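> The following block contains a protein sequence and its predicted model.
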Number of protein chains: 4
Amino acid sequence: MTDERTANDQSPWMPFENRRRARDEKREAVLRMAVQVFLEQGYHRATLNEVAERLNITKPALYNYFRSKDEILFECWALGQEQVDDLIAVINRSRQSGLGKLRALVHAYAETMATDFGASLVRFDPRDLKPHNAEKVRAAKRGIDLTFRRYIAEGIADGSIKPCDPKLAAFAIAGSLNWIGHWYQRGGSLTPDAIADEFAIRLTDGLARRSVKKASAEAAPAPRTRKPTKGENR
Amino acid sequence: MTDERTANDQSPWMPFENRRRARDEKREAVLRMAVQVFLEQGYHRATLNEVAERLNITKPALYNYFRSKDEILFECWALGQEQVDDLIAVINRSRQSGLGKLRALVHAYAETMATDFGASLVRFDPRDLKPHNAEKVRAAKRGIDLTFRRYIAEGIADGSIKPCDPKLAAFAIAGSLNWIGHWYQRGGSLTPDAIADEFAIRLTDGLARRSVKKASAEAAPAPRTRKPTKGENR
Amino acid sequence: MTDERTANDQSPWMPFENRRRARDEKREAVLRMAVQVFLEQGYHRATLNEVAERLNITKPALYNYFRSKDEILFECWALGQEQVDDLIAVINRSRQSGLGKLRALVHAYAETMATDFGASLVRFDPRDLKPHNAEKVRAAKRGIDLTFRRYIAEGIADGSIKPCDPKLAAFAIAGSLNWIGHWYQRGGSLTPDAIADEFAIRLTDGLARRSVKKASAEAAPAPRTRKPTKGENR
Amino acid sequence: MTDERTANDQSPWMPFENRRRARDEKREAVLRMAVQVFLEQGYHRATLNEVAERLNITKPALYNYFRSKDEILFECWALGQEQVDDLIAVINRSRQSGLGKLRALVHAYAETMATDFGASLVRFDPRDLKPHNAEKVRAAKRGIDLTFRRYIAEGIADGSIKPCDPKLAAFAIAGSLNWIGHWYQRGGSLTPDAIADEFAIRLTDGLARRSVKKASAEAAPAPRTRKPTKGENR
DNA sequence: AATGAATGAGCATTCATTCAT
DNA sequence: TATGAATGAATGCTCATTCAT
């Protein structure tokens, strides 16, 4: 923590840059500690004192970086959301069948759920946020849900996924994944990657026109289709 | 103590019975209102005042029926757990394949998740309870999880379920189901029964040695998506 | 509780008398239990529920006999005060020297302090009473104090007591005695009578123109320290 | 408050010192006010609000210095106990006969009883404390009692005190002294010093092998520790 | 940028007391 | 007379937030 400070004193050329970097680093450090404490104890039972103490600072110091406890909560969520947004963006850019995209999303999302910020997406309660932010959260959740549905619809359209109700299928899959955020614990017998692998298969196998096992046994190349326009999914 | 009272009246055991029944009814009314408020606002944001006011009584009156806020929380959970215990007991007594039991459990559990007390099983935080009760909750959760795994293992043993890791499969299924407690809202477009039907198929189809569709296609020429005869699932 | 009731029903001839007697007996029973609980736990920590439960009745039942908790407290005190008043009345009527009266008072007061109602004289706080009653208590306390002083003054006048400041002497003696109410416990190694004997000597010996020891040594060749015939002390 | 700032510029280690001192001073101020309110109204009737308001702060501010109401009570008691411990330590170090030590203790203890913190030793109820602290209090009380007994026993051994039962003698003396804490009021006609003088003589005269009066009459220089003149009061 | 101190708002809980039965 | 139920009043305590330094 004091490292940046000293660094700052030693490099007077870019004091501003350094300061801002130091500030951002501290901000992040707060979030990393906060998300941990919030997950560990629950948002309401967790106190800012606890967060501050673990950072070896005092409570009011937190207010240099955040305006309120719920803003901290929101930022924790936002970091997790950012991860998901990125991961969706990558998949969106990829050229795969609907099933392929769905599997990629399941895999990546499962891994995310095993991180602190990822878990914060499903273990924090939007009602603890200011209405303004709560709405952002709800919108983002809807967005993720729609992405699941879209991939499924794409898969149905391109024949990689058996016809089904995308809405309920998405709920089922998302439920399994979100639940990871509740039961996964670091240091358990399962690595996030293993979980992700397993879920990517299991959750989509029932939907696949050809199950993974059979498909790979037959060595049939994954059916590829064009990417349908968004309008088509809806 | 109440003997003179009862003896005094005409129906010796009625008044006492009546009193006790009235008391139990009120206790339950409190729980029904409390679970509603707790789900609606979240345990910490909800105040006993709110619960009491909605019941047209005053806060201290609640203490005639419960010793503390967290005891109310626990009792809400307990009512939900009771439902699940009952439902598992019934399935345990039934003579079905592992797959059959699993499907029956999925169906019944899904329906339970759509009730207030059912949702309280997954939306309340055991850490809000006294250690004593928190442990009971955790034990019960473990119990449910083990039931899922057991049915799967049975299914693998009797050939109705494809070989797989019961632990992860159980997590995946339970996750989907538990998530219902988070998104289901009364008055939505989906009835609990419809959800339960759909989940019973979808979540188990991937595990079944023969998928529902194929199996029914072979057995009966009526390809059903949504609503198979209930008898079939169970 | 029901005993009086039945007795009442069986002897319809004097129902009124019986009722009143029963009522008074219950009233006293309440006071005996209350003083015990109050002493044991302290007035504020003690609840009427506790008192009632130990009597196998319910809290509101107490209100048939007393108007308020502090009235119970006052009545406990009053019973103790009555004892002291009686005991002073007896001594006042006796024909003794001032020293003799003082010793008699010390002895009797010490014994009283070892009773529940006696202890209530010094262990309850008048500020817990309604102003009306608090004033009665204070007046009575002053009365006792004045009695001590009067006996001392009488003793000085009649030569049985060495000249001294009656006020401070009374304080010193009363203090020792009152303190008994704080430390005495039933079942301890000292009997109330033994304590009373000892205090009667010790607290007055310093005041006596002739100490007990010397006096008795002159009168009788049996030097006694601990246990003179009761008659002698009084 | 501005003091630290100025001091800060001049002496680097001052501000911390100053802060701590300021804090300690405030803590003490709280205790001084609290003991006053507690004595005045009784612990249970006194509210932290009252204490805070008299200090021109708000209730929660008190929690910067103490963890709970009963901790404040305990600290009040502790300050008084400290005084007594010190005073006993001094007497223990002195070279006097048992009688001399006893008289010194009586005198000093009497004076202490006329202070707020001294009175708190006997007017607060250990049962209002957490078990942990209550035990400390009881142990300390036993310690004081034993000190009285020890001095008496020493006196008997060295011949300065007439043979007697140290236990009861200690009770009698301590009772008189403790009672001071109940009746003494600032602004009364008696000064603490006068009371102490009087009690030191009166309470020990009965025990002395030679009474003060006689002894001084015989021209034996009274072995005095604390307070020579004022013979008039005696 | 950081801190000690203070505050305001809120909430669970307790308990004497009342009342209808 | 006794009870179950309900209430009002009060209070200790917590904690996010602010402010002067």
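Perfect, thanks for sending it.
> Counting neighbours, what do you get for residue A:138?
Neighbourhood size, residue A:138 [other Cβ atoms under 10 Å in any protein chain shown]: 12. To be clear about C-beta, it is placed using only N, CA and C from the backbone, and glycine gets the same treatment.
> Chain A: strands as residue ranges?
Assigned by DSSP state E, chain A shows no strands.
> Show me the shaky parts of it.
A:1-17, A:210-234 (pLDDT under 70).
> need the residues of it near chain B, please.
Within chain A, the residues that sit near chain B (Cβ under 8 Å from any Cβ of the partner chain) are A:41-42, A:44-45, A:125, A:127-128, A:164-165, A:168-169, A:171-180, A:182-183, A:190, A:195, A:198-199, A:202-203, A:205-206.
> for residue A:108, what are its contacts?
For residue A:108, the contact set (Cβ atoms under 8 Å, 6 or more residues apart in numbering or on different chains) comprises A:87, A:91, A:196.
> so which of the residues you listed is the most crowded?
Ranking these using other Cβ under 10 Å puts residue A:196 first, with 22 neighbours.
> can you pull the contacts of the nearest residue to that one once chain neighbours are set aside?
Nearest non-adjacent residue to residue A:196, counting by Cβ to Cβ, 6 or more residues apart in numbering or on different chains: residue A:110, 3.9 Å away. Shown in contact with residue A:110 (Cβ under 8 Å, 6+ apart): A:177, A:180, A:192, A:195, A:196, A:199, A:200.
> and if you look at residue A:33?
By Cβ under 8 Å, 6+ apart, the contact list for residue A:33 reads A:51, A:54, A:55.
> do you know how far residue A:169 is from residue A:207?
Separation of residue A:169 from residue A:207 (Cβ to Cβ, to the nearest Å) stands at 6 Å.
> right, I mislabeled it, should have said residue A:61
50 Å.
> out of these two, which sits in the more crowded spot?
Set residue A:61 next to residue A:207 and count neighbours by other Cβ under 10 Å: residue A:207 wins out with 26 against 14.
> is it true that the more buried one touches residue A:161?
Yes. Between residue A:207 and residue A:161 there is a contact under Cβ atoms under 8 Å: 5.0 Å.
> shouldn't residue A:99 be in contact with residue A:205?
No. Contact criterion Cβ under 8 Å: residue A:99 and residue A:205 do not qualify, at 10.0 Å.
> Among those two, which residue is more densely surrounded?
More crowded of residue A:99 and residue A:205, by other Cβ under 10 Å: residue A:99, with 28 against 20.
> Quick one: residues contacting the more buried one.
A:151, A:155, A:160, A:161, A:204, A:207, A:208, A:209, A:222, A:223.
> For the fourth one, which non-adjacent residue is closest in space?
The spatial neighbour of residue A:161 that comes closest, neighbours along the chain excluded (Cβ to Cβ, 6+ apart), is residue A:155 at 3.0 Å.
> Now for the one you found: which residues touch it?
Taking Cβ under 8 Å, 6+ apart, one finds A:97, A:98, A:99, A:101, A:102, A:161, A:207 in contact with residue A:155.
> Nearest to residue D:115 among those residues?
Nearest to residue D:115 among the contacts of residue A:155 is residue A:102, at 80.4 Å by Cβ to Cβ.
> Can you tell me the closest non-neighbouring residue to the closest one?
Of all residues not flanking residue A:102 in the chain, residue A:151 sits nearest, at 4.2 Å (Cβ to Cβ, 6+ apart).
> and chain A, what are its domains?
Annotated domains of chain A cover A:1-66, A:77-233 [automatic domain parsing].
> Make a markdown table out of the ones you listed and add distance to residue C:147.
Listed next are the domains of chain A as a markdown table, based on distance: least, Cβ to Cβ, whole Å:
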| stretch | distance to residue C:147 |
| --- | --- |
| domain A:1-66 | 60 |
| domain A:77-233 | 69 |
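> which one of the ones you listed lies closest to residue B:115?
domain A:77-233 (17.1 Å).
> Return the distance of that closest one from the chain's centre.
Relative to the centre of its chain, domain A:77-233 is centred 10 Å away, using Cα atoms, centre = their mean, to the nearest Å.
> I'd like to know how many residues surround the residue nearest to residue A:123 when sequence neighbours are not counted.
Distance criterion Cβ to Cβ, 6+ apart; nearest residue to residue A:123, sequence neighbours excluded, is residue A:181 at 5.6 Å. Residue A:181 has 23 neighbours, counted by other Cβ under 10 Å.
> Number of residues surrounding residue A:163?
Residues lying near residue A:163 (other Cβ under 10 Å) number 11.
> gap between it and residue A:91?
Residue A:163 is 22 Å from residue A:91, by Cβ to Cβ.
> go on, residue A:196?
If you go by Cβ to Cβ, the gap between residue A:196 and residue A:91 works out to 14 Å.
> and chain A, which residues reach chain C?
Residues of chain A lying near chain C (Cβ under 8 Å from any Cβ): none found.
> Within range of DNA strand F, give me the residues from chain A.
A:45, A:46, A:47, A:48, A:49, A:59, A:60, A:63, A:67, A:68, A:69, A:70 (Cβ under 7 Å from any atom of the strand).
> and residue A:179, what does it touch?
Contact analysis of residue A:179 by Cβ under 8 Å, 6+ apart lists B:171, B:174, B:175, B:176, B:178, B:179.
> Can you give me the neighbour number for residue A:107?
If you count neighbours by other Cβ under 10 Å, residue A:107 ends up with 23.
> Tell me the spacing between it and DNA strand E.
From residue A:107 over to DNA strand E the distance is 39 Å, taken as Cβ to the nearest atom of the strand, to the nearest Å.
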